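*Asks:* coordinates for the following, if possible.
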Amino acid sequence: MADLDGVALVTAAYVVWVYLLMPLGPIGKMTEQVKGQQNWGDRSFMNSIEQAPLFLASLWTHAYFVSGSAATNLGIAYLVCRVGYVVIWAMKGTEGFPMPAGFIFTFPAYGFNIYMMIGTITKLGFGMIATPMIDAVGAILCSALFFMYAVKVTPVIHQAVKPMFTASSSPQL
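*Replies:* Residues are numbered from 1 along each chain as shown. Down below sits the predicted model:
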């Protein structure tokens with residue numbers, strides 16, 4: 001079980017972090033902070049909640065089936081990205097998500113989750129386990145590939161389905 005100690009610590013740190021974020025939005029509203037600051041508080045908390053199932057599933061699945069130490073290291077990197085997301089938004093002081101600067105922290109975090117699941121698939125499906133060096137390179141590669149998918153492929157998907165969402169083609173209920 002010692003191999004899971006680090007994963008448990010990462011999980012505990014994530015839960016504490018989310019609880020620290022929880023009051024930012026409501027207290028920002030109660031104290032009548034500017035709209036951008038209220039959004040920052042709301043989205044800092046809500047983005048962490050939205051990502052929690054994907055992160056925790058990836059973290060614990062990878063830890064159990066592949067490597068607790070690798071999951072711990074990737075989980076720590078993920079936590080750094082979560083903190084960075086909040087800090088970069090506060091530093092930019094924008095009303096909405098600070099693009100493209102915020103991508104510096106969001107896409108690596110998503111890539112870490114994807115990599116942990118790919119690691120689980122390759123271990124369980126093909127019997128292959130990555131080394132720590134492969135983990136680092138693989139996580140960075142997953143981050144870059146997911147970013148490219150998001151900015152290059154999803155606009156094409158949106159264009160392809162756009163006619164399905166026009167007023168004339170939408171069914172009236």
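
*Asks:* OK, contacts around M117?
*Replies:* Residues near M117 by Cβ atoms under 8 Å, 6 or more residues apart in numbering: 58, 61-62. For the C-beta atoms, the positions are set from N, CA and C on the backbone; glycine is no exception.

*Asks:* list the buried ones in the helix or strand harbouring it?
*Replies:* Take DSSP states H and E as the rule and M117 turns out to sit in helix 103-126. Neighbour-count burial for helix 103-126, counted by 16 or more other Cβ atoms under 10 Å, picks out 103, 105-120, 123.

*Asks:* who's in contact with the helix or strand in which A160 is found?
*Replies:* If you go by DSSP H and E, A160 is part of helix 154-161. By Cβ under 8 Å, 6+ apart, no surrounding residue is in contact with helix 154-161.

*Asks:* longest helix of the protein?
*Replies:* Counting residues, the longest helix found in the chain (DSSP state H) is helix 35-65.

*Asks:* helices or strands up against that helix?
*Replies:* With contacts defined as 3 or more Cβ pairs under 8 Å, 6 or more residues apart in numbering; DSSP states H and E, the secondary structure elements packing on helix 35-65 are helix 5-21, helix 24-30, helix 68-92, helix 103-126.

*Asks:* what's the average pLDDT for the third one?
*Replies:* Helix 68-92 comes out with an average pLDDT of 94.
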